[in-house]
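Novice: Quick check, what structure comes out for this input:
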Amino acid sequence: MTPSRTKKSPAGRTADEKLSLHEFIPYKLAVVANRLSQSIGSLFEKKYGIQIPEWRILMALHSCGPLAPNEVVDHTSMDKGRVSRAQRRLVELDLVIVRDDPRDGRRLVLFLTRKGAGMCAAIIPAARETEAWLLSVLPAGERRALDKALSRLLARSQELRQPEEG
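Specialist: As a prediction, the model looks like this:
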């Protein structure tokens, strides 16, 4: 065996092992995130008539204030096309308006309408309830540790988004 094939990963596994998806943390994170997102998404679609990309944009605007579409892309990790489609639908539903940026007239900014802000206020308790249900399987110390670990992984994942230098 060559040294590269027996090199241990940071998790202590060797490179020539089979990849068991159920032990691969990025896979598990993606599955949990997708299942939770689908659960929340079906609730919001039935109750409020919006889909997951629309919900993410609403919550980004509610949390961060007015954002340019490229900033929405950054905050939600959705691609430009998905943001554009969801943005158009939110405008049609009168939940978001698009205006010239008051600081830079060359760019557009998304703003929540009064109706959009009201929908966010209505949605937040249901989102918190779903979050509480999911986390209820963990004792308080594990919830805090999970939150801390996810925050660190989220920060680390930003490195994946940086263009490679050199």
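Novice: how about the strand or helix carrying Ala132: buried residues?
Specialist: Ala132 is located in helix 114-135, with elements delineated by DSSP states H and E. For helix 114-135, a neighbour-count test (16 or more other C-beta atoms under 10 Å) marks 116, 119-120, 123 as buried. For every residue, glycine as well, the C-beta is placed using N, CA and C.
Novice: which non-adjacent residue is nearest Lys80?
Specialist: Val73 (5.7 Å; C-beta to C-beta, 6 or more residues apart in numbering).
Novice: Double-check that neighbour against Ala86; I have them as touching.
Specialist: No - using C-beta atoms under 8 Å, Val73 is not in contact with Ala86; the gap is 11.0 Å.
Novice: between those two, who's got more neighbours?
Specialist: Just comparing Val73 and Ala86: by other C-beta atoms under 10 Å the higher neighbour count belongs to Ala86, 23 against 19.
Novice: how about that one, what does it touch?
Specialist: 51, 53-54, 56-57, 78 (C-beta atoms under 8 Å, 6 or more residues apart in numbering).
Novice: Same check on Gly49?
Specialist: With contact taken as C-beta under 8 Å, 6+ apart, Gly49 is in contact with Leu93.
Novice: Ramachandran coordinates for it?
Specialist: When quoted as degrees, to the nearest 10, the phi and psi of Gly49 stand at phi 70, psi 20.
Novice: let's number from 171 now, not from 1
Specialist: All set: I'll call the first residue 171, so the last point we hit is now Gly219.
Novice: Spatially nearest residue to the residue positioned nearest the centre of the chain, not counting backbone neighbours?
Specialist: Per C-alpha atoms, centre = their mean, the C-alpha nearest to the average position across the chain is that of Thr246, at 4.8 Å. Distance criterion C-beta to C-beta, 6+ apart; nearest residue to Thr246, sequence neighbours excluded, is Arg226 at 4.5 Å.
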